[in-house]
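S.K.: Structure of the sequence below:
(4 chains)
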2 protein chains.
Amino acid sequence: MRNNGADRMYRTQEFAELAGVTVRALHHYDRLGLLKPGRTGAGYRLYCVRDLERLEQIVALKFLGLSLTQIKTLLERETIELPEALRMQRQVLEGRRRLLDRAIRAIREAESAVKSGQQTDAALLKKIIEVIEMQDNTDWMLNYHAEDARAKIEARRQEWTPELQERTSKQWADLMAEVETALGEDPAGERAQALAARWMKLVEGFTGGDPEIAAGVRRLYADQANWPAGFQQQAKPFLKPEVWRYMEKAIAIWKGK
Amino acid sequence: MRNNGADRMYRTQEFAELAGVTVRALHHYDRLGLLKPGRTGAGYRLYCVRDLERLEQIVALKFLGLSLTQIKTLLERETIELPEALRMQRQVLEGRRRLLDRAIRAIREAESAVKSGQQTDAALLKKIIEVIEMQDNTDWMLNYHAEDARAKIEARRQEWTPELQERTSKQWADLMAEVETALGEDPAGERAQALAARWMKLVEGFTGGDPEIAAGVRRLYADQANWPAGFQQQAKPFLKPEVWRYMEKAIAIWKGK
DNA sequence: CCTTGACCCTGACGTAACGTCAGGCTCGAA
DNA sequence: TTCGAGCCTGACGTTACGTCAGGGTCAAGG
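M.R.: A predicted model of the protein is given here:
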């Protein structure tokens, strides 16, 4: 009656392979009360197909980073908590992602510092420290903005995700590189005007079109002497004065139109 | 002689606050031999400024996700290993990030499934499982490609980061939405031709301009009946036949030009 | 001189999710 | 019956500390 083909039972190893987990993990879930299989007279564990479903759910929630105890309560009280738990977990993961992105960025910058000029280990580590600290110290930038502009910046910072940041900084770098090749041309010419348009679009992407923020950025730029060291390093590609001057001309013309 | 202002010594708590770590962490690093401070006659730890430098390095490397034992060997043999270690660690972190992104995406899709039609917990979990599985099962797609095209796809997959994927899929969604509003218009008209151009650009972004890959994609599309369930769900927005037919016309005309 | 409070020490156990033995049972086949 | 494969439980290891517990040290006040 019990073991007809349809509801086959599985012993531990078999079941573990079926589900892609280890035997010890199954023992563990059993002890925690997460997944309690049947037993033979001799004490062997016997898993059925419904256990497989449950195990798949466990594995999925584990993949999302939930702890086994969280998973247990979620699966026990089959309830409306799940969507809420997922929302919270997503926020946790997004936070972790921001940290990860910062770490990755720090390494990348250190690596590019290595390529351009051999540095000692100590200098390399200093660079990493700078980059890490710099990233939470975008706060000092707020000093250049009027009081009521700060709230807006704070709001925009929410959307200013690391991947977006990375993309934009790449766009800036590309643009800068292209401008350099165009320095000889007429600032009123077609090429320069196209570059000016791209430039302004990027600026607008940062300021959100808000004139107060734009004014703050100009103040920030004017005060280069007082920038923190780490930021100064990172901003280096932006600072070529000839590029800047050329674009000032081109943008003035572009705005005139 | 010893405690003149310049090389001040710090006791544990003071030093911990200075560096932003806990007292217990300092004990821990001491025991592991990572950071061994001086001692007073009574056995109190005494930290100096050079200890602070070292601690900052430790904290930085920890931020990058290195284990304390790794950090120890790296800081002991002050050597050329560091750049190599950083490169490896970056790859580790990038791997973690891919997993994180998959988890976040899975939750997001489950959340949007919740919004559009209330589902039970069980259905929600099934959805998550599908999304997770779908993401490593892009492999089945390879069946539609000729042998020599596979290597190219494998190569492009390296650059095909989750954030890039997310961006592109949003671009597709935007494009699709706009096409739908244009269905009534002349496929040879200006609007439709602009859409066709955008479409082809996105296709090229995926195929990398390789005709073999493009051919594989066509075979893939033609064989919709055999797609895995998870993929079919996620591809749903792409499947509106009227959109597809309309764009076929528009693209044919666009190519003719 | 003694006490008080703030700070210091070490050692031991706890955490999460198992991995890894170690010692001992069960089962089907030869 | 015996062998090898597979099963069981219990205990310790892992990481980077947190959290007591029990017990010194030190400067100031009584």
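S.K.: Quickly check: stretch A:52-61 near chain B or not.
M.R.: Yes - with Cβ under 8 Å from any Cβ of the partner chain as the measure, stretch A:52-61 is seen reaching chain B through A:56-57, A:60-61. From N, CA and C alone the C-beta is placed, and that goes for glycine too.
S.K.: With stretch A:15-27 instead?
M.R.: No - under the criterion of Cβ under 8 Å from any Cβ, stretch A:15-27 makes no contact with chain B; the nearest approach is 10.8 Å.
S.K.: Can you list the buried residues in the longest helix seen in chain A?
M.R.: Ordering each helix of chain A by length in residues (DSSP state H) puts helix A:81-115 first. Judged by neighbour count (16 or more other Cβ atoms under 10 Å in any protein chain shown), helix A:81-115 contains these buried residues: A:82-83, A:85-86, A:89-90, A:93, A:96-97, A:100-107, A:109-110, A:113-114.
S.K.: From the residues of stretch A:52-61 next to chain B, pick the one nearest DNA strand D.
M.R.: residue A:56 (19.5 Å; Cβ to the nearest atom of the strand).
S.K.: mean confidence score for whichever strand or helix holds the closest one?
M.R.: For residue A:56, the element it lies in under DSSP states H and E is helix A:49-63. For helix A:49-63, mean pLDDT is 97.
S.K.: ok and that helix relative to helix A:81-115, angle-wise?
M.R.: Helix A:49-63 and helix A:81-115 are oriented at 50 degrees to each other (axes from the mean of the first three to the mean of the last three Cα atoms, to 10 degrees).
S.K.: helices or strands up against helix A:49-63?
M.R.: In terms of contacts (3 or more Cβ pairs under 8 Å, 6 or more residues apart in numbering or on different chains; DSSP states H and E), helix A:49-63 is packed against helix A:12-19, helix A:68-76, helix B:81-115, helix B:121-136.
S.K.: Kindly recompute the last result at 10 Å.
M.R.: helix A:12-19, helix A:23-32, helix A:68-76, helix A:81-115, helix B:81-115, helix B:121-136 (3 or more Cβ pairs under 10 Å, 6 or more residues apart in numbering or on different chains; DSSP states H and E).
S.K.: which residues does residue A:197 contact?
M.R.: A:250-251, A:254 (Cβ atoms under 10 Å, 6 or more residues apart in numbering or on different chains).
S.K.: let's go with 8 Å and repeat that
M.R.: residue A:254 (Cβ atoms under 8 Å, 6 or more residues apart in numbering or on different chains).
S.K.: Point me to the helix or strand that includes it.
M.R.: Residue A:197 belongs to helix A:190-207 when assigned by DSSP H and E.
S.K.: Next secondary structure after that helix?
M.R.: Downstream of helix A:190-207 (by DSSP H and E), the next one is helix A:211-222.
S.K.: Spatially nearest residue to residue A:243 (excluding sequence neighbours)?
M.R.: Nearest residue to residue A:243, sequence neighbours excluded (Cβ to Cβ, 6 or more residues apart in numbering or on different chains): residue A:179, at 5.2 Å.
S.K.: who touches the one you found in this structure?
M.R.: A:195, A:243, A:246-247.
S.K.: Write out the residues of chain A neighbouring DNA strand C.
M.R.: Neighbours of DNA strand C within chain A, by Cβ under 7 Å from any atom of the strand: A:22, A:24-25, A:28, A:40-44, A:62, A:67-69.
S.K.: ok, the residues you listed vs residue A:52, which is closest?
M.R.: Distance to residue A:52 across those (Cβ to Cβ) is lowest for residue A:25, with 14.0 Å.
S.K.: Relative to DNA strand D, how far out is the closest one?
M.R.: 12 Å (Cβ to the nearest atom of the strand, to the nearest Å).
S.K.: so what's the nearest residue to that residue once chain neighbours are set aside up against?
M.R.: Closest residue to residue A:25 apart from its sequence neighbours, by Cβ to Cβ, 6+ apart: residue A:16 at 7.3 Å. Each residue near residue A:16 by Cβ under 8 Å, 6+ apart is listed here: A:22-23, A:25-26.
S.K.: For PyMOL, what selects the buried ones among those residues?
M.R.: To isolate the buried ones among these in PyMOL, judged by 16+ other Cβ under 10 Å, type:
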select buried, chain A and resi 25+26
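S.K.: The contacts of residue A:16 into JSON lines, with extra columns for pLDDT?
M.R.: As requested, the contacts of residue A:16 are exported to JSON lines (pLDDT from 0 to 100):
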{"residue": "A:22", "pLDDT": "97"}
{"residue": "A:23", "pLDDT": "98"}
{"residue": "A:25", "pLDDT": "98"}
{"residue": "A:26", "pLDDT": "98"}
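S.K.: and which of the contacts of residue A:16 is nearest to chain B?
M.R.: residue A:25 (17.4 Å; Cβ to the nearest Cβ).
S.K.: Please report how far that closest one lies from residue B:176.
M.R.: 42 Å (Cβ to Cβ, to the nearest Å).
S.K.: tell me the contacts of residue A:193?
M.R.: Contacts of residue A:193 (Cβ under 8 Å, 6+ apart): A:250, A:253-254.
S.K.: Do you know the pLDDT at it?
M.R.: Per the predicted model, pLDDT is 94 at residue A:193.
S.K.: do the same with residue A:129
M.R.: For residue A:129, pLDDT reads 92.
S.K.: Likewise for residue A:103?
M.R.: pLDDT, read off for residue A:103, is 95.
S.K.: Skipping adjacent residues, who's closest to it in space?
M.R.: Residue A:103's closest residue in space is residue B:64 (Cβ to Cβ, 6+ apart), at 5.0 Å.
S.K.: That neighbour contacts residue A:107, doesn't it?
M.R.: Yes - at 6.2 Å, residue B:64 counts as touching residue A:107 under the criterion of Cβ atoms under 8 Å.
S.K.: overlap in contacts of those two?
M.R.: A:128, B:86, B:89, B:93.
S.K.: do you know how far the residue nearest to the second one when sequence neighbours are not counted is from residue A:94?
M.R.: Closest residue in space to residue B:86, ignoring its immediate chain neighbours: residue A:107 at 5.1 Å, by Cβ to Cβ, 6+ apart. Residue A:107 sits at a distance of 21 Å from residue A:94 (criterion: Cβ to Cβ).
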